[in-house]
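# what shape does this take:
(chains A, B and C)
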Amino acid sequence: MLIIPCPHCGPRPENEFRYSGEAHVVRPADPETLDDAALAELLYMRSNPKGRHAERWRHIHGCGWFFNCIRDTVTDRIERTYPAGTAP
Amino acid sequence: MKFSLRTLFTQGLSGHTGWGPQWRTPEPKPEYDAIIVGGGGHGLATAYYLAAEHGVRNVAVLEKGWLGGGNTGRNTTIIRSNYLWDESAAIYEHAVKLWEGLSQELNYNVMYSPRGVMMLAHTIHDVQVFKRHVHANRLNGIDNEWLTPGEAREFCPPLNISANVRYPILGAALQRRGGTARHDAVAWGYARGASARGVDIIQNCEVTGINRDAAGAVTGVETSRGTIRSRKIGVVAAGHTSVLMGMAGVRMPLESYPLQALVSEPVKPVFPCVVMSNTIHAYISQSDKGELVIGAGTDAYTSYSQAGGLHIAAHTLDAICEMFPMFRRMRMLRNWGGIVDVTPDRSPIIGKTPVPGLFVNCGWGTGGFKATPGSGHVFAATIARDDPHPIAAPFTLERFRTGRLIDEAAAAAVAH
Amino acid sequence: MRFRTADGGRIDRTRTLNFSFDGRALTGHPGDTLASALLANGIHLMGRSFKYHRPRGLLAAGIEEPNALVHVDRGGGRDAPNLRATQVELYEGLNATSQNRYPSLALDVGEAARLFSRFLPAGFYYKTFMWPASFWKRLYEPVIRAAAGLGRAPVLPDPDRYLHRYAHCEVLVIGAGAAGLAAARDAAVTGARVILCDEQNEMGGGLLSEPAATIDGQPAAAWVAAVLADLDSRANVTLLPRATAFGWYPDNMIGVAERVTDHLATPDARVPRERMWQIRAREVVIATGAHERPLVFPDNDRPGIMLAGAARLFLNRHGVRPGARAVIATACDSAYAAALDLHAAGVAIALIADLRANPVGPAIDAARAAGITVRTGTSITGSTGHLRVTGALIGTEWVACDCILMSGGWTPSLHMHAQSRGKLRFDAATANFLPVAMAGQRSTGACAGMFDLATILPGHAVSGIITPDGGHAGLVPGAKPKRAFVDFQNDVTAKDLLLATQEGFRSIEHVKRYTTTGMATDQGKTSNINALAIVAGELGNTIPEVGLTTYRPPYSPVTFGTIAGASRGALFDPERRAPMHDQAVALGARFEDVGPWKRAWYFPGPGEDLHAAVARECRAVRGSVGIFDASTLGKIEVVGADAAEFLNRLYTNAWTKLGVGRCRYGLMLSEAGFVMDDGVVGRIAEDRFHVTTTTGGAPRVLNHMEDYLQTEFPDLRVWLTSATEQWAVIAVQGPGARDLIAPFVEGIDLAPAAFPHMSVREGTICGVPTRLFRVSFTGELGFEINVPADFGPAVWEALMGTGVPTPYGTEAMHVLRAEKGYIIVGQETDGTVTPDDLGLSGMIAKSKKDFVGKRALRRPDLVVPNRKQLVGLLTEDPAVVLEEGAQIVADPAQPIPMRMIGHVTSSYASPTLGRSIAMALVEGGRGRMGKLLYVPMPGHTIAVRVVEPVFHDKAGARLDG
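The predicted model follows:
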């Protein structure tokens, strides 16, 4: 069970959180402008890197905030977390 | 040397000095007609069928570690084909038909054991979903039958069919031809068969780049053992697919998750079949060696660590103990993780890619072992003919653009 | 000869304990293990090996024991297989039996496998049993399975309890030998929170079997006692004996299995049998010691052949001699210590055969001084005997003996370090892998290659202890590989390993899997390095080139129940109960599981089955009035200046113009364009909406909303609150609904014009505040009474007290809504269904530029004309009720595989229509109205006609009562 540093609450065990997939997948202001390939990119294509991964977690059994996290997917070590909507 | 009771007997008399290597260990050649990246069951099966059925023998299988060291050797060996959608049923049934003759085909006992796979229904919603499967399977010619709780217990005596438990058993779907096989033997058997037909099996050879020409077509791979040329490259790398495809600039709809499994200490035969329960997240069988083989869930987050949290195993074992309270004093002997590559619709991707000469076979998620022969068979045909095998044709990468998903997850979904 | 010494050891000779082994009544003393007590009774034969059923005795004295596995039965389902006799503490009445033998341990028919052993090399089963194909399942596999396995699984439910404990500390020390005790004391004096765990019943490790050792002038055992007393006196220290650290999980979480009651004759029922600790430690000190290696030579597995260190432990801790005449075979000084102690205890030492050409040092000198014959440069190359060893082949000479004590040196226990993903380095001098410390953990003592007590305890004066110098890995020089066992339990010999390399298995992982070496219940603790050395030697590689196999948790097997903990029965998955659950129970309801909820399914009257009860409940709703607990529906309060705009973006339909006090049915899509949830939304105020969701969808919908609100639309001023548990919801449905509730309602004008269908009002009912919805999921005049959850039962009972309403359950609710063609998300939909598929394209607001899922609806496959569409089905024979999930075809005469064009999503016997009705998703279904389709069933085919999916009151006239 990971220890995840919630940017709002501090370090907490993983079972207080819900993993929410890759971070910085941008939904455009007007999705109607996307062609099918770009839509597939938004909906389905993921970088899935072996190494540093920018991902989203939600402190669902805590403050409730979504936030972003940089984690190494090989070691599972978390480098840092930062609020949603901010750059890595 | 052919494997048989006779050769085993004569070798026994002469101290087993005559057995040679089961596959050759050659140095990589500068060029092949086709390169398979990934020496797991699916990759080795692909190479085998390329050589055995399509006459493409100048083939290399490149494995960064040891053969079958990924999910092939880390799964719970369940085989079944009672999937809902026609496309899925077709490919898994294709695999089961190949499993049925695989030991003889390979002259290697892969111990395919059709002991029956039973999926328990605990809620009315489960009953509706499983009956939908049973009916669809029947009309597709795939065995899958509905059992009452009493019939289920008759087939699997350890089941508790009392109504006075948290999740009573309301019935079960049983595929009698489903079962298990010996996972390592599948990799070794295909390796031996492929090697005998000319395929070069190269272990400890990590692919570090995919080379392409000016037109974008593949020309070969860079590896930890040098450049190897080929105009056809098949990536069959499960959890590492995204990384490899990224070398050719292809983004994939995949996420790699740790999937845990565990075994108990071996005991005398006590569990006759495979039992799965989606509602309480547990599946269990007993290996020929006597270990209870138990599948756990995936961890919540993507990872390549081949390890996971203790709470995942705990959540699985509490379900097993709840269903089978007599196993509570059994002991966990080994617990391990694999890396499963999961697609958004929980169905595989098999076929061509936007890069000429580059083929991919991935996305088998938590259920790839059962498909091994079928997957290799249709992928080999796809590579050999540069045209999707009819059974592989629906499983395109393109479907994520068109929306023509094959959503087995939704089919088994929980809602309302 | 008496095997129990007259004095010495850490047993209580003043008390005698009775126990039985294979039905034989025996005695021992407190402080004995089952293993030491059996040895004291002269019993070495304790088990049979896995494959060849060879007679086996003790190899080791602790957790690494591969042979002496027993079944211990306390009765009443309290029985467990495969327990190591070396870890089973003796208690009064202990009842143990041997395993994997028939009919008895001494006379085992399975031993016949020895006759065929030459035909059963590693992997033999991959090479045969293939003809004919069907015989694998029918004949070969059952025979192999029956022969395999060790003990027997329990057959009765285990009545014992297991618990979890969580703990945090600055320093966790694993292992309470000299190194662990020193580390714990050093940490404890700083005031840090320290947990010290040890897998044995007594802390002290190897020091407990060193009677001559002194530390700072006092006996080692006294030093141990003093350190423990000091640690125990400190509030910041927790001592956990009988607690095995078994697994290392991310961020320094260590799993520890504590055996609480197994050693007690009469356990306290209030105490759990075992306890799993999950300890989060800032630093972990690994002090897990080392395991002695056996020597690999032919027939090195006979009862009476054991590790020298084990024999010494049995003597010094338990006061037991392993035999009367011992041959010592060694490559390590530590066996000399055993020889000296046994010699002093009256065991004849036939000789010490030392592999090393020229061993020197105090141990060798002491042995010679004691008159023990030492032969150097001498291999042991065989043994004889059957149920007990009777002789050793030393060089070319057979030496009579009743025990052979061997030592190939010591292997550091690297399991916990390796599990932590710590790196290893190979130390060529000792031929051992050693741990490399990393952040958050370090190793000390023998597991770190520190074998000298003076190094482990710097600053202390130590004496009287022989440091285990030397060792040998792999086949003994001059010995043949046949029947030279490496992995004792799995019967893997040196010859098997050589065969594997001969067959091209070059990776150590392949060798392990092909031969099964290291895969037995001892997890290769005594075998791994010997196997590695043999494989490396054969391949011409060094040991580090071949490398180790992966260390996986657990270090030692852990009871399933311990890992599961208290999560059983009612605590396995706690039930969610609706506010009127007790009322439903009192009314005799049958319940169904819906997600975690228990929902009233139907209310059978006397003699009624499901069908009869549901028919009656449906007629009551259509004819008068029914009452239904709808509280499980998810409820989300959406509040804020931008609440309407937020709903615009989350639902397909438009919300801005919805008036205060009005309701609308909302449809929610995933971003991929598929129906995700639905529910009625009421506007309570300009800035306040009462959103309902499906029962199972509530958490998912709230998370989905929060996700978009926080990350995509953070500019919107909206707050979301789950209100599912806050409201009890009583649905009152039927033409008599208004009349039923009217006497109880205050502050709301119930007149149809004032309170039309799809409205919400606030007032009171039975004097408690209510949000009263006028909505219908039955097609009848209906109200859904929301009251604060605690008031639900009182309001329910007040309404029931009129004697008018009929309670109905989820099954009747399903029938009633199906008669009206209302969908249920999760039944009519499965995650692949669009609004248009359901005939609900009218719910997509054309005016809106964007909502979640809008763009995806234009994807090529989502607009093809032949998609599966929701239709009604009427069977040609009105008495036939279709099976839900049944498949639909256009041509019933086609051969299998048939082309299926859809499936039945809902199907019921409709009491209102007096016939069966069904809903289905069918390819191009709306274009097939009036057409005949077919549902092939086993043995017959049902003809069905496609109709509109509304079967009752198509005009909706009954909504107004």
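
# so C:Thr288, which of the three states?
coil (DSSP: H, G, I helix; E, B strand; the rest coil).

# list the contacts for it?
C:Ile174, C:Gly175, C:Ala245, C:Ser413, C:His415, C:Met416, C:Ser443, C:Gly445, C:Cys447 (C-beta atoms under 8 Å, 6 or more residues apart in numbering or on different chains). Using the backbone N, CA and C atoms, a C-beta is placed for each residue, glycine as well.

# among those residues, which are in strands?
Those of the contacts of C:Thr288 mapping onto strands are C:Ile174, C:Ala245, C:Ser443, per DSSP state E.

# state the distance from the first one to C:Gln419.
Pointing back at C:Ile174 there. 11 Å (C-beta to C-beta, to the nearest Å).

# out of those two, which sits in the more crowded spot?
C:Ile174 (34 against 23; other C-beta atoms under 10 Å in any protein chain shown).

# correct me, but the more buried one touches C:Gly180?
Yes. The criterion here is C-beta atoms under 8 Å, and C:Ile174 meets it with C:Gly180 at 7.0 Å.

# shared neighbours of the two, anything?
C:Asp198, C:Val285, C:Ala287.

# could you dump the ones in strands among the contacts of C:Thr288 to a markdown table with distance to chain A?
Output for these, formatted as a markdown table (distance: C-beta to the nearest C-beta, whole Å):
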| residue | distance to chain A |
| --- | --- |
| C:Ile174 | 19 |
| C:Ala245 | 16 |
| C:Ser443 | 20 |
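
# can you list the residues of the stretch 101-250 of chain B near chain A?
Contact residues, the stretch 101-250 of chain B versus chain A (C-beta under 8 Å from any C-beta of the partner chain): B:His240, B:Ser242, B:Val243, B:Gly246.

# in contact with the first one, which residues?
Right, the one you point to is B:His240. B:His240 touches A:Lys50, B:Gly38, B:Ser256, B:Tyr304, B:Ile339, counting by C-beta under 8 Å, 6+ apart.

# about what we covered before: among the contacts of C:Thr288, which one has the most neighbours?
C:Ile174 (34 neighbours).

# contacts only, for that one.
C:Gly180, C:Cys197, C:Asp198, C:Ala245, C:Ile254, C:Val284, C:Val285, C:Ile286, C:Ala287, C:Thr288, C:Met416.

# and it, how far from chain B?
16 Å (C-beta to the nearest C-beta, to the nearest Å).

# show me the beta-bridge partners of that residue.
C:Cys197, C:Ile286 (DSSP bridges).

# read off the pLDDT value for it.
C:Ile174 carries a pLDDT score of 98 in this model.

# state the distance from the closest residue to B:Val342 other than its chain neighbours to B:Val275.
Closest residue to B:Val342 apart from its sequence neighbours, by C-beta to C-beta, 6 or more residues apart in numbering or on different chains: B:Gly365 at 4.6 Å. Per C-beta to C-beta, B:Gly365 is found 20 Å from B:Val275.

# kindly report the same for A:Glu14.
Counting by C-beta to C-beta - A:Glu14 and B:Val275 are separated by 29 Å.

# so between those two, which is more surrounded?
A direct count of neighbours by other C-beta under 10 Å for A:Glu14 and B:Val275 places B:Val275 higher, at 26 against 20.

# quick check, that one in a strand?
Yes. Assignment of B:Val275 by three-state DSSP places it within a strand.

# isn't it up against B:Ser285?
Yes. Judged on C-beta under 8 Å, B:Val275 makes contact with B:Ser285 at a distance of 7.3 Å.
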